[in-house]
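*Asks:* Below are the sequence and a predicted model; questions follow.
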Amino acid sequence: MTKNYIAGEWVGASEASPNLNPSNTNDVIGEFARASAAEAQAAIDAAYAAFPAWSRSTIQQRHDILKAVGDEIMARKDELGRLLSREEGKTLPEGIGEVTRAGQIFQFFAGECLRMAGEKVPSVRPAIDVEITREPVGVVGLITPWNFPIAIPAWKIAPALAYGNTVVFKPAELVPGSAHALSEIIIRAGVPAGVFNLVMGKGSVVGEAMLQSPKVSAISFTGSVPTGRRVAQTCITADPMKKVQLEMGGKNPMVVLDDADLKVAVECAINSAFFSTGQRCTASSRLIVTEGIHDRFVAAMQERMQGLVIDDALKSGTHIGPVVDQGQLDQDLKYIKIGQEEGAKLIAGGELLKRDAPGFYLSPALFTEVDNQMRVAREEIFGPVATVIRAKNYDEALELANDTPFGLSSGICTTSLKYASHFKRNAEAGMVMVNLPTAGVDYHVPFGGRKGSSYGPREQGRYAQEFYTTVKTAYVFDGNGPYVPKTKGSE
Ligand code: ADP
């Protein structure tokens, strides 16, 4: 059994779960410990006990640890990418790409350790200085989903440790292998006991223990909307209240205007809608296409989709791997049926495929004649299922793009500076893409959304410090003037 890491020790559990390869369900990657509530509590206690010392550790120590983690990930990216693709089902190039990103994130935050600065500002009163600094928050609970098994843990763990917090990390049940491999690297880099804890297990047990514990000061969560809501509600009604950050779903639009470069538009749509099997919160499932290019765009999509190879994630030449598990496959098929019942036209894909080994293979599905009010256009499916929505002109396309409960990423394909600029300003989303897929972001800049997609401060880049630190304002009277403890109207 592959073990959890609690209070500086690898510990087994009374229960374990098999980790299956979705490209070949006969391939069992291993049995992974499933922690109990008591084990989760032990991890929280250890992180709590380790916090005072770690919060005062030198920035050199933190830098060196994060740099070592980043460097080892980079050196082993092919092997780790293979493990990731084997357990999650994204293609090997996508798996290696994700691992590379995780390494770059650790290297970025290694640098950030050395760039932590505060502000010193004059007081409005004489002989007083004001200092504004950032301090770590405490024990942070990190709850991650299955679709980015190493990058999402990396973009939470790296800033948490860089800014001096201690960590309890709970990966998604479906992808413990990448989480475990990452944890081994972090431990080998020399984190002191208790600073970093890995607790694999069920959300309802381990996640809940983190939400319920007064020793956990902050929760960063990425996952589904219903779980995210529950996490936020528990955090803000807890005593003491917890800081909370949520990244949840998307129903990201990709607008294609008449003047778009058709080739660019089709590549953007294929990538956004179907790569990584459509299992990205930044995937585009609503392709909003204006009248003049609609039919040409649909025909070019159909043709391009015929060339897509859907097969074992580890096979060279595969463009799209399997769906992650039976539950997600059932959800994809359910929505394909719903779309047909709603009157949308399924013009390509949506069929179960047989390959050499038993796996969750689904051909990418494309619907046309979709109304933006249909469930397939409103609810997140999280699979390789895209809809084409017709728009009269740019104004209607923008309106449709924003008419959604979500607001993560929003894209436009156009050769017009005027429309691109207008869209950039008016898209109700945290991220806007011009002539690029809605998915695929840099690692050094903020990531996050609006409306139903996100809650709390942004993740990644320097903006991550907003969540992983708390601000302190210090006032010092230096004795070089009259003692004026209060100004008029001051608190
Ligand atoms: P998905 O299945 O798309 O990953 P979930 O929201 O179900 O989305 O899961 C995201 C993460 O939240 C996983 O690590 C899961 O174990 C965890 N989780 C699920 N239920 C709870 C809960 N009640 N409390 C805390 N975490 C949970």
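*Replies:* Arrived safely, thanks for sending. Residues are numbered from 1 along each chain as shown.

*Asks:* and the longest helix for the protein?
*Replies:* The longest helix of the chain (DSSP state H) is helix 92-113.

*Asks:* Tell me how far it lies from the chain's centre.
*Replies:* 13 Å (CA atoms, centre = their mean, to the nearest Å).

*Asks:* which helices and strands sit right next to that helix?
*Replies:* Counting contacts by 3 or more CB pairs under 8 Å, 6 or more residues apart in numbering; DSSP states H and E, helix 92-113 is packed against helix 59-75, helix 77-88, helix 151-162. For the C-beta atoms, the positions are set from N, CA and C on the backbone; glycine is no exception.

*Asks:* Between the ones you listed, which shows the greatest average number of neighbours?
*Replies:* Of all the helices and strands packed on helix 92-113, helix 151-162 has the most neighbours on average by mean count of other CB atoms under 10 Å, namely a mean of 28.

*Asks:* Just the buried residues of the next helix or strand after that helix, please?
*Replies:* Per DSSP states H and E, helix 151-162 leads on to strand 166-170 as the next helix or strand towards the C-terminus. Neighbour-count burial for strand 166-170 flags 166-170 (criterion: 16 or more other CB atoms under 10 Å).

*Asks:* on that earlier part again, quick one: contacts of the next helix or strand after the longest helix of the chain?
*Replies:* Next along the chain after helix 92-113, taking DSSP H and E as the criterion, comes strand 119-122. Contacts with strand 119-122, where a contact means CB atoms under 8 Å, 6 or more residues apart in numbering, come from 129-132.

*Asks:* Looking at the helices and strands packed on helix 92-113, which is nearest to Y455?
*Replies:* Closest to Y455 of the helices and strands packed on helix 92-113, according to CB to CB: helix 151-162, at 15.0 Å.

*Asks:* what helices or strands is that closest one leaning on?
*Replies:* helix 59-75, helix 92-113, strand 139-143, strand 166-170, helix 176-188, strand 216-222, helix 465-468.

*Asks:* Starting from the fourth one, tell me which strands it pairs with and how they run.
*Replies:* What it means is strand 166-170. strand 139-143 (parallel), strand 196-198 (parallel) (DSSP bridges).

*Asks:* Quick one: those as CSV, columns for mean neighbour count too.
*Replies:* As requested, the strands paired with strand 166-170 are exported to CSV (neighbours: other CB atoms under 10 Å):
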stretch, mean neighbour count
strand 139-143, 28
strand 196-198, 28
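
*Asks:* closest one to V298 among these?
*Replies:* Taking those one by one with CB to CB, strand 139-143 is closest: 39.5 Å.

*Asks:* and the longest strand along the chain, does that touch the ligand?
*Replies:* Counting residues, the longest strand found in the chain (DSSP state E) is strand 24-34. No - Strand 24-34 stays clear of the ligand (CB under 6 Å from any ligand atom), getting no nearer than 10.9 Å.

*Asks:* Can you identify the element that follows that strand toward the C-terminus?
*Replies:* Moving toward the C-terminus from strand 24-34, the next helix or strand (DSSP H and E) is helix 37-55.

*Asks:* Quick one: residues in contact with that following helix.
*Replies:* For helix 37-55, the surrounding residues in contact (CB under 8 Å, 6+ apart) are 4, 6-8, 11, 13, 35, 135-136, 138-139, 141, 164-168, 170, 192-195, 197-199, 201, 205-206, 208-210, 213, 215-216.

*Asks:* Pull out the buried residues from those residues.
*Replies:* 4, 6, 11, 13, 35, 136, 138-139, 141, 164-168, 170, 194-195, 197-199, 201, 205-206, 208-210, 213, 215-216.

*Asks:* ok, back up a step: out of the strands paired with strand 166-170, which gets nearest to G30?
*Replies:* strand 196-198 (14.5 Å).

*Asks:* what's that closest one in contact with?
*Replies:* 4-7, 43-44, 46-47, 157, 161, 166-169, 171, 179-180, 183, 186-187.

*Asks:* again, only this time at 6 Å
*Replies:* 4-6, 43, 46-47, 167-169, 183, 186 (CB atoms under 6 Å, 6 or more residues apart in numbering).

*Asks:* And for stretch 354-369?
*Replies:* 22-25, 274, 298, 310-311, 322-323, 329, 332, 336, 339, 344-351, 353, 384-388.

*Asks:* Check which residues of that stretch are buried.
*Replies:* Those would be 359-368, for stretch 354-369 by 16+ other CB under 10 Å.

*Asks:* show me where the stretch 201-350 of the chain has strands.
*Replies:* 216-222, 243-247, 252-256, 284-290, 345-348 (DSSP state E, counting those that start in this stretch).

*Asks:* Mind checking those strands for the one nearest to the ligand?
*Replies:* strand 216-222 (6.4 Å; CB to the nearest ligand atom).

*Asks:* Would you mind getting the angle between the closest one and strand 243-247?
*Replies:* Interaxial angle of strand 216-222 relative to strand 243-247 (axes from the mean of the first three to the mean of the last three CA atoms, to 10 degrees): 10 degrees.

*Asks:* any weak-confidence spans in the chain?
*Replies:* The model of the chain has pLDDT under 70 over residues 488-491.

*Asks:* Tell me the residues on it that lie near the ligand, please.
*Replies:* 143-146, 170, 172-173, 203-204, 207-208, 211, 223-224, 227, 230-231.

*Asks:* list the contacts for the closest residue to the ligand within the stretch 1-150 of the chain?
*Replies:* Closest contact between the stretch 1-150 of the chain and the ligand, by CB to the nearest ligand atom, is at P145 (3.4 Å). By CB under 6 Å, 6+ apart, the contact set of P145 is 172, 222-223.

*Asks:* any residues touching stretch 430-444, and which ones?
*Replies:* Applying CB under 6 Å, 6+ apart, the external contacts of stretch 430-444 come out as 101, 104-105, 108, 252, 254, 264, 268, 271-272, 280, 282-284, 408-413, 420, 424, 447-450, 461.
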